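# sequence unavailable; structure follows:
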């Protein structure tokens, strides 16, 4: 089965991991800080904290923003459940802003209207850069800043993308950006994530919550008279550290990120050209040079999605669907959400299929996907 996504690991990556295994600390050594520094250089953000998953990154970002049981967090339904669950971990309530049917990301007009008519403003807005395309962050920041809303970019799909000629992750218009290094993402550390920010105070809170709520920083200690062994737990934190084994793989992979993104864009361009005559809706060609192309989504307009999905799977094409809208998951329906609440997200889900796209995908594999899709639709 040809998967919709696949990691690309070479001998350099293997050697980097083996070096840590044989010669360095396996955790809390020098490799993760080196990875964090390299991510700062790449994203142009002032600070980065690496953690053990993108979900952990979302959680500590909410904690650092001060989200608690009396608060409200908004995100979009068209995402993986982690984009909303992170608020629930903090005891906060969640609400959603529907997507724009053209961009498939948060609707700017929908956000504007919801802010104008809400009875309670959210403490945090988490916007999702769906499929690798950045949301219009300047327009979103213009709306949220007037209400003192912390703005978090969920860029799990978008490392390597750009917005206004700057790398996604620079936090030019946001407080924090969350990254994921799951094996199907732009780069992988096997499992892992990170948060970038330009705010040193946020970095300190992120670090505290990701490392048991414990600090050894002399300037932060309440009792400054103890010895070098001394530490203090100052908050209820979590063990979200990234190991140096994972950091070594991530650091090695980061050196290949631009090449990975270039290959994804070339394959996306090939899909766009080859599939244009079909009765399907394609991603916007306007994003070809700026998207990280984590996913290549098509929307069926004249065919039954399940029948096409099953036919492609039966022929060895590992298509997928991204995403089942969060608000129609049983857990969120128990919180009061219903089908029909966010119609654009639901309509997109009803018609969407994700085609295989990854850097090591060969030309013959991609042509096989195209030929098989044409045959199934005919």
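Okay, I see it. Just so you know, these numbers come straight off a predicted model, no measurement behind them. Numbering: from 1, shown residues only.
# spatially central residue in the protein, please.
Nearest to the geometric centre of the chain sits residue 156, at 1.4 Å (C-alpha atoms, centre = their mean).
# contact partners for that one?
Neighbouring residues of residue 156 by C-beta atoms under 8 Å, 6 or more residues apart in numbering: 54, 80, 128-129, 178-180, 182, 185, 193. (C-beta placed from N, C-alpha, C; glycine too.)
# between these, identify the one with the most neighbours.
residue 178 (31 neighbours; other C-beta atoms under 10 Å).
# and what about that residue, helix, strand or coil?
strand (DSSP: H, G, I helix; E, B strand; the rest coil).
# show the pLDDT at the nearest residue to it once chain neighbours are set aside.
For residue 178, ignoring the flanking residues on the chain, the nearest one in space by C-beta to C-beta, 6 or more residues apart in numbering is residue 57 at 4.4 Å. Reported pLDDT at residue 57 in the predicted model: 98.
# tell me, how many neighbours does residue 57 end up with?
Quick note: residue 57 (other C-beta under 10 Å) scores 33 neighbours.
# assess the claim that it and residue 194 are in contact.
Yes: taking contacts as C-beta atoms under 8 Å, residue 57 lies within contact range of residue 194: 6.1 Å.
# give me the common contacts of those two.
With C-beta under 8 Å, 6+ apart applied, the overlap between the contact sets of residue 57 and residue 194 consists of 49, 51, 178-179.
# got the contact list for residue 76?
83, 96-99, 105-106, 127-128, 130, 345.
# can you check residue 73 too?
Residues near residue 73 by C-beta under 8 Å, 6+ apart: 62, 67, 84, 86-87, 92-95, 122-126.
# try 10 Å
Applying C-beta atoms under 10 Å, 6 or more residues apart in numbering, we find residue 73 in contact with 62, 65, 67, 83-84, 86-88, 90, 92-96, 122-126, 149-150, 152.
# which of those fall in helices?
62, 83-84, 86-88 (DSSP state H).
# want to try TSV for these, with neighbour count, distance to residue 39 and pLDDT as columns?
TSV is the format used below for the ones in helices among the contacts of residue 73 (neighbours: other C-beta atoms under 10 Å; distance: C-beta to C-beta, whole Å; pLDDT from 0 to 100):
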residue	neighbour count	distance to residue 39	pLDDT
62	28	20	98
83	27	21	98
84	26	25	98
86	29	20	98
87	26	25	98
88	17	27	98
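# ok, so of those, who is nearest residue 42?
residue 83 (23.0 Å; C-beta to C-beta).
# is the residue nearest to the closest one when sequence neighbours are not counted bridged to anything, and to what?
Residue nearest to residue 83 in three dimensions, not counting chain neighbours: residue 75, with 4.8 Å by C-beta to C-beta, 6+ apart. Taking DSSP bridges as the rule, residue 75 bridges to residue 96.
# what segments of the stretch 151-300 of the chain are helices?
200-210, 244-254, 257-275 (DSSP state H, counting those that start in this stretch).
# now render those helices as JSON lines, adding mean neighbour count and mean pLDDT.
Converted to JSON lines, the helices of the stretch 151-300 of the chain look like this (neighbours: other C-beta atoms under 10 Å; pLDDT from 0 to 100):
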{"stretch": "helix 200-210", "mean neighbour count": "19", "mean pLDDT": "98"}
{"stretch": "helix 244-254", "mean neighbour count": "25", "mean pLDDT": "98"}
{"stretch": "helix 257-275", "mean neighbour count": "17", "mean pLDDT": "98"}
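# so what's the residue count around residue 135?
Residues near residue 135, counting by other C-beta under 10 Å: 26.
# I figured it hits residue 127, correct?
Yes: between residue 135 and residue 127 a contact is recorded at 4.8 Å, counting by C-beta atoms under 10 Å.
# which neighbours do those two have in common?
76, 105-106, 111, 153-155, 174.
# ok, residue 222 - contacts?
215, 232, 234.
# enumerate every residue touching residue 54.
If you count contacts by C-beta under 10 Å, 6+ apart, then residue 54 has 80, 82-83, 86, 154-157, 178-182, 185, 191-195 around it.
# from residue 84, how far off is the residue nearest to residue 83?
Here the criterion is C-beta to C-beta, to the nearest Å. By it, residue 75 lies 5 Å from residue 84.
# which residues do the two both contact?
Common neighbours of residue 75 and residue 84 (criterion: C-beta under 10 Å, 6+ apart): 58, 94-96, 126, 326.
# just those residues now: which is nearest residue 223?
Closest approach between the shared contacts of residue 75 and residue 84 and residue 223, by C-beta to C-beta: residue 58, at 33.0 Å.
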